[in-house]
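**Q** Got a predicted structure here, sequence first:
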Amino acid sequence: MNRERILFVAALVLLGGYGFGVEQLTYLIPGFPTMKPNTAGALMALALGYMLTLRESAGARYLSIVIAAGIILWLAWARVNWALTRTPGLLATLPSDATIACVMLSAIALLLLNLRPKRPVLTGVICVLAATPGLYRIFGLLLFWGAPDSASPMNSMALHTAALIAWFNLVCVALHPSLGIGRAILQPSL
């Protein structure tokens, strides 16, 4: 259920905001940063890759691995390409460095979920590392109505980007049935 919401929100931003020109969908609050098209596409791909991990077939798992590796390569290529060319048009679609790091860590968590499902602690640590900047951004925006530090690399992370990254990592991946973390957290206390 949660993964479909991530896919829906990211698709809404990508298609509605950038495809149909409804600019208000790219930011939630006027004056706040926008979610970039590459970020929305990467989050959609992460949600799809996660949904594939819930299937029992080996083909679905392999496709999920390809999606996660593809996201890492795609964002790394986009960042390196920007550093080398400094093309102004590319900057409009490029996520911030903090967003790139969070999405790449999310893809690594998805890879670990597929390749090392018996290592829930490692996957959980990666999930927390990926979600922490997003949570910092959400609390900074809610408490200070902006970033507490004007020089923060988080200043260009959109509010819905931060929420979707935190949601993907802390709700979807960390509570994946194969990891067992959800059973340990949600079981009734003695």
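**A** Noted; the coordinates are in hand.
**Q** Show me how far the helix or strand Ala47 falls within is from its chain's centre.
**A** Using DSSP states H and E, Ala47 sits within helix 37-53. Relative to its chain's centre, helix 37-53 lies at 8 Å (CA atoms, centre = their mean, to the nearest Å).
**Q** let's number from 835 now, not from 1
**A** All right, first residue 835 from here; so that's helix 871-887.
**Q** Now the element after it, going C-ward?
**A** Downstream of helix 871-887 (by DSSP H and E), the next one is helix 892-919.
**Q** Report the inter-axis angle for that following helix versus helix 871-887.
**A** 160 degrees (axes from the mean of the first three to the mean of the last three CA atoms, to 10 degrees).
**Q** center of this protein - which residue?
**A** By CA atoms, centre = their mean, the chain has its centre lying nearest to Ile999, at 3.6 Å.
**Q** Run through the residues that contact that residue.
**A** Leu877, Thr933, Cys936, Val937, Ser940, Ala964, Ala965, Pro967, Gly968 (CB atoms under 8 Å, 6 or more residues apart in numbering). C-betas here are computed from N, CA, C, even on glycine.
**Q** cutoff 10 Å now
**A** Ile999 sits next to 840, 873, 876-877, 880, 932-933, 936-937, 939-940, 964-969, 971-972, 991 when contact means CB atoms under 10 Å, 6 or more residues apart in numbering.
**Q** If any of the residues you listed are buried, give me the ChimeraX selection for them.
**A** With 16 or more other CB atoms under 10 Å as the burial test, the buried ones among the contacts of Ile999 are selected in ChimeraX as follows:
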select :840,873,876,877,880,932,933,936,937,939,940,964,965,966,967,968,969,971,972,991
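**Q** And the pLDDT for Asp837?
**A** To be clear, residue 837 is Arg; Asp isn't right here. On pLDDT, Arg837 comes in at 55.
**Q** Lovely, talk soon.
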